[in-house]
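Enquirer: coords please:
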Amino acid sequence: MTNEEVQDLLDRADEAQIAGNYAILEPLANEVLAALARRPEELDAQYRIYKAHALSHLGTVARLHGDYAAALDYFSQSLADGELAADPMRCARAKNGLGNVYQNMSEFARALDAYREAIALFESAGSRDGVAMNLGNIGNVYMNLAEYSLAIDYLHQALTIDEELGRTNGIAANLGNIAILYWNLQEYDQALEYLKRALAIYEQLGHREGIAVNLGNIGVVYSDRGEYQLSLEYLQKTVAMFEALGRKDGVAIYLGNIGNTCREIREYNGALEHYSRALQLHQEIGNKEGIAISTANIAGIYATKDFDGYDIVLAEEYLLKALAMDEEIGSKKQLYTHHQALAELYKRTKRWEEFGIHFENYHRIEKEVLSEDAKKQAHLLNQRRQAAERDKELEIEKAAAAAKLLATEQLLHNVLPPAIAQRMLSGENLIAEKLTNVSVLFADIVEFTKLSGRITPEELVEGLDRIFSEFDLLAEKYGLEKIKTIGDAYMVVAGAPSARADHAEAIVQFAVEMLESIKQFRAIATGEAIQVRIGIHTGDVVAGVIGKKKFAYDLWGDAVNTASRMESHGEAGKIHVSEEFMKELLMVENEWLMVNGKLLMDEADNFSSLPTHHLPLTIHHLPLTIIPRGEMDIKGKGRMRTFYLEKRSTHDEQ
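Expert: Numbering: from 1, shown residues only. Reported below is the predicted structural model:
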């Protein structure tokens, strides 16, 4: 295998690691090592660099699978090869990997040493992104040690560099870490704000690990805010994602958090079950901090009088074990809470001398951890960030004042379809045109009025924003033009403002994914699944721009009205379409598709003549089945023949 081929494998491995695709990462790294083993005579610097690179990837996989001994071995080998090749970048990455393993093992002093050595090596190699990554890692260590003032400083340094470099992955990681810092300081609104910003970036990147972590942390914050059902939904989804990734550490952490939520709602047996599973996984991977936390959590259940298995002696035994581990790893964050639990236990049993010792330690350490200085620095960080964002806005405003035409162009492109914006910039004052053969879709949230009456205005707006943002991403994916939202209704068009031959196919694919995507949402008030009605029609429309200061691109005509009628006369969770739309969908390049082994050539002029026994039909090039609804009275249209389109299951016959 040539050097170019080996480098290509390593490039693909780098992409897999960035995307969190570890199932692909491991075989790629092993393939590199196998290729190098077949040419041992080529022990040149490049050979060593390739080997160090592949070993570093294997170290990452081993660490994420909880095999810390193997991970340390891989990173140590990678460091040795990097040193032999005199390559500071490879040495820096190996040191960073060692630091990550030590942090997972709660060996915080060794982790700090490794990260600082990595920073020095990255600086010598001129890698600012490597410096930022390790500054963020040091911030995480100090957060684990409850040294929040130091954590804030390092995380802010890391985020500043990442934003200067435009390093999206790093920005997301640091936003998520700052969110955890705010959570530790019990600033839950700030924590949620940062978590959601981080989650949005990870979703855009398709980074599964980042998505899972931030979903889980959002679930933790919701639990602390008393929103337990919402918390469980997020946490259960997170555990499933980590199980799919093969990440025992992630599964263990969020099983413990599910246990916390179960405890809050007095489901003590469920809490104990989740804590025990978490403890077992932490023990398997050697995570000392996780073992300490899970041990103390189990103690808390046995110390609960309402628990059927209440056992104060067993609770004390577990708590003392947890406290000893806290002191061993130097975790102040857990230390003061475990002193508090012991103080409460001894108070209950009237062991006043022991109560006094632990009560005093609890207050002393809590004051150190949750100091006013730390909170002030956290607020100062947020103020600095807001000031920085305001400075950027001022720069934009100044640039807009100096180049008004450029600002106007940007504005039009933000609110109008690109082709329409360009026409307005070219001097057209009135844009109005008739467009033939477009497909219009309306979607409406079922029983929205009833749902909205049970929640706060903030929850209503946030919920609609999440749902419509998901639809916006799908519209962009299929090249459709979102026209507007009216209350809980969503309108989109295919074939406008630019004509496209596949408008029917594009909009029905969008509709199918819309039904799939809505399954992830739940009504806040009841936890019930949210459903939408979808209606689609094809025809001619008039399109144009209205407004003088606030521009809007809109559509008018019978096709729009009929699409709306398809939606209002449809059913929850179904795609209701007109006969005209079906004709358009079944025509590709002026030829009818094969359906159930027969051509529809003879029915080209009258689709309604298709024999009933031919239906439902499967459309071969699309994952759809046609369900005839027959003729029905449509308000304002009279009798119309309509159809439902359903996603074809794997059991449908072709």
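
Enquirer: pLDDT score for Gly206?
Expert: With respect to pLDDT, Gly206 has a value of 87.

Enquirer: how much space is there between it and Ala172?
Expert: Per CB to CB, to the nearest Å, Gly206 is found 12 Å from Ala172. C-betas here are computed from N, CA, C, even on glycine.

Enquirer: Give me the more crowded residue out of these two.
Expert: Just comparing Gly206 and Ala172: by other CB atoms under 10 Å the higher neighbour count belongs to Ala172, 25 against 12.

Enquirer: before we move on, which element is that one in?
Expert: helix 168-184 (DSSP states H and E).

Enquirer: If you count contacts, what does that helix end up packed against?
Expert: Judged by 3 or more CB pairs under 8 Å, 6 or more residues apart in numbering; DSSP states H and E, helix 168-184 is in contact with helix 128-144, helix 148-165, helix 188-205, helix 208-224, helix 372-402.

Enquirer: can you pull the buried residues of the fourth one?
Expert: Right, the one you point to is helix 208-224. 208-223 (16 or more other CB atoms under 10 Å).

Enquirer: I figured Ile546 hits Trp556, correct?
Expert: No - using CB atoms under 8 Å, Ile546 is not in contact with Trp556; the gap is 9.9 Å.

Enquirer: For the stretch 551-654 of the chain, which segments are assigned as helices?
Expert: Using DSSP state H, counting those that start in this stretch, the helices of the stretch 551-654 of the chain run over 558-568, 579-585.

Enquirer: I'd like those helices laid out as TSV, including mean neighbour count and distance to Met241.
Expert: TSV is the format used below for the helices of the stretch 551-654 of the chain (neighbours: other CB atoms under 10 Å; distance: least, CB to CB, whole Å):
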stretch	mean neighbour count	distance to Met241
helix 558-568	22	34
helix 579-585	23	35
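
Enquirer: And the residue nearest the centre of the chain, how far from Ala572?
Expert: By CA atoms, centre = their mean, the chain has its centre lying nearest to Ile211, at 3.2 Å. Using CB to CB, we find Ile211 at a distance of 28 Å from Ala572.

Enquirer: do Gly136 as well
Expert: 46 Å.

Enquirer: Between the two, which is the more surrounded one?
Expert: The residue with more neighbours, out of Gly136 and Ala572, is Gly136; 24 against 14, by other CB under 10 Å.

Enquirer: give the contact list for that one.
Expert: Each residue near Gly136 by CB atoms under 8 Å, 6 or more residues apart in numbering is listed here: 154-155, 158-159, 170, 173-174, 177.

Enquirer: ditto for Gly547
Expert: With CB under 8 Å, 6+ apart, Gly547 has no contacts at all.

Enquirer: For Arg128, see how far away it is.
Expert: 45 Å.

Enquirer: Can you lay out the contacts of Gly136 as a markdown table showing pLDDT?
Expert: Converted to a markdown table, the contacts of Gly136 look like this (pLDDT from 0 to 100):
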| residue | pLDDT |
| --- | --- |
| Tyr154 | 90 |
| Leu155 | 88 |
| Ala158 | 91 |
| Leu159 | 89 |
| Gly170 | 88 |
| Ala173 | 89 |
| Asn174 | 89 |
| Asn177 | 89 |
